[in-house]
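Undergrad: Sharing a model that was predicted from the sequence below.
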Amino acid sequence: MFDNVGSLACPGGERLLKALKAARDAVNLPDASKGHFLLIAADAMLSKLHALAMDPNQAFYGARIEDFGQIQESNYCPAKAVQADERN
């Protein structure tokens, strides 16, 4: 899981997200290893996650977005997350 994923909406960040997706796809092959790779990304601004999941040029286009509400601990900001599951 990583936070502030909205800040990756730039050329370098897009390359990083595409590399993460390639790694996820390689690990999650039907006949592959016993492991499973699940990427959870968070951002305090839900609109940033929507922008990444709704842009067909982004690695995780079509990813499912979940609103987990605010984290109650004082050291954390409100968190939203996108689960980059195997549907995209």
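TA: Sure thing, it's come through.
Undergrad: Please enumerate the strands of this structure.
TA: Under the criterion DSSP state E, the chain carries strands at the ranges 39-43, 64-66, 80-84.
Undergrad: mean pLDDT for these: which is lowest?
TA: Per-stretch mean pLDDT for the strands of the chain is lowest at strand 80-84 (a mean of 45).
Undergrad: Quick check: nearest residue in space to the residue most central in space within the chain, chain neighbours excluded?
TA: A centroid search over the chain (C-alpha atoms, centre = their mean) returns A41, at 3.9 Å, as the residue closest to the centre. The spatial neighbour of A41 that comes closest, neighbours along the chain excluded (C-beta to C-beta, 6 or more residues apart in numbering), is V5 at 3.8 Å. Backbone N, C-alpha and C define where each C-beta goes, glycine included.
Undergrad: For D67, see how far away the one you found is.
TA: V5 sits at a distance of 15 Å from D67 (criterion: C-beta to C-beta, to the nearest Å).
Undergrad: who has more neighbours, the two?
TA: When V5 and D67 are compared for neighbours, V5 comes out ahead with 24 against 11, by other C-beta atoms under 10 Å.
Undergrad: OK, contacts around that one?
TA: Contact analysis of V5 by C-beta atoms under 8 Å, 6 or more residues apart in numbering lists 41-43, 48-49, 52, 82.
Undergrad: Between which two of the residues you listed is the distance greatest?
TA: A42 and L52 (11.7 Å; C-beta to C-beta).
Undergrad: measure R15 to L52 for me?
TA: Between R15 and L52 the computed distance is 14 Å (C-beta to C-beta).
Undergrad: Among these two, which residue is more densely surrounded?
TA: Summary of the neighbour comparison: R15 and L52, criterion other C-beta under 10 Å, with L52 having more neighbours (24 against 12).
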